[in-house]
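> Attaching a predicted model along with its sequence, questions to come.
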Amino acid sequence: MVSEQGSQSSFSVEADSTVVNGGLRLAPKVASVEGSAIIIVPERLTGDNYVEWAQSMSLALDGRDRIEFIQDDPPSTNDAARRRWKTEIALVTSWLLNAMVPTMRRSFMFIPSAKDIWNAVKEAYGKRPTASLVFDLRSRLWTVRQGNRPLSAYYLEKTTLWQELDQLKHRVWRDAEDAATHRRDLEEERLFEFLVGLNPVYEDIRGRLLGRIPLPSVPEAFALLRDEEA
């Protein structure tokens, strides 16, 4: 089957990187001197922006080699591993809480672990029915227009909406040929969604793009439009 889916830091290797946890040797841990008071994502969680916030937070934690602290349980054995885990949990917990607006932070600050906070936030704000989210995103994709914005700003909004939609839609295909067929259909659909919102000034080049065989991808169409604009 084929599936689709600020502050500066210095680093040092922790001394207890060879601790054995449940029979598995822990990989060397890279320790960051980033403090607990920093905000590691671009925007604080407000509730309505849960999908974007969760994605940004996951990437930020993964990039700091700490994603396991919102996914895994603490080590069941070995005092050194548990001490290190407790220290890291305190840091990750502070990052999660600092990445929320103050009124929301109070609702989660007494939850005992980073994993529990992560799951509680998901339960509170991530349970909106997928169909409702998909409907909203598709409606916006078909109705958003370039208006008085630069072409690049319009393109960025469209691509952001597509990325959000891809986060919600997980598809499994019978084989690579089936996946390739879907990809072509999806590229065509997104090209139409992109072209329909362009300002009338692009009408001539829009007609030429639709006359191409094969049709261009959205990035190709955007590049051609920018060349025309220049």
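Thanks, I have it. Residues are numbered from 1 along each chain as shown.

> nearest residue to the residue nearest the centre of the chain other than its sequence neighbours?
The centroid of the chain falls nearest to residue 55 when counting by CA atoms, centre = their mean (3.0 Å). Nearest residue to residue 55, sequence neighbours excluded (CB to CB, 6 or more residues apart in numbering): residue 167, at 6.5 Å. The C-beta positions use only the backbone N, C-alpha and C, and glycine is treated the same way.

> helix or strand right after the host helix or strand of that neighbour?
According to DSSP states H and E, residue 167 maps onto helix 151-168. Later in the chain than helix 151-168, the nearest helix or strand by DSSP H and E is strand 171-173.

> The helix holding residue 167: which residues count as buried?
Of the residues in helix 151-168, 151, 154-155, 157-158, 161-162, 164-165 count as buried by neighbour count, 16 or more other CB atoms under 10 Å.

> same check, this time on stretch 71-84
Buried residues in stretch 71-84, counted by 16+ other CB under 10 Å: 75, 78, 81, 84.

> quick one: which of these sit in helices?
In this view, those that belong to helices under DSSP state H are 81, 84.

> Now tabulate the buried residues of stretch 71-84 in TSV and tack on distance to residue 190.
Formatted as TSV, the buried residues of stretch 71-84 follow (distance: CB to CB, whole Å):
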residue	distance to residue 190
75	46
78	50
81	47
84	46
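
> Considering the buried residues of stretch 71-84, which is situated nearest to residue 64?
Minimum distance to residue 64 across those is 14.8 Å, recorded for residue 84 (CB to CB).

> Any figure for the gap between the closest one and residue 176?
According to CB to CB, to the nearest Å, residue 84 and residue 176 sit 43 Å apart.

> In the chain, where is pLDDT below threshold?
Across the chain, the ranges flagged by pLDDT under 70 are 1-36, 129, 170.

> change it to 90
Within the chain, the stretches with pLDDT under 90 are 1-39, 47-52, 55, 72-87, 124-134, 136-137, 160, 163-183, 228-230.

> domain assignment for it?
The record assigns the chain these domain ranges, following automatic domain parsing: 6-125, 130-229.

> Which secondary structure elements does whichever strand or helix holds residue 203 sit against?
Per DSSP H and E, residue 203 falls inside helix 203-210. Packed against helix 203-210 by the contact rule (3 or more CB pairs under 8 Å, 6 or more residues apart in numbering; DSSP states H and E) you find helix 176-196, helix 218-229.

> From residue 118, how far off is the residue of the chain most remote from its centre?
Going by CA atoms, centre = their mean, the residue of the chain most distant from its centre is residue 204, 35.9 Å out. Note on residue 204: its distance to residue 118, by CB to CB, is 51 Å.
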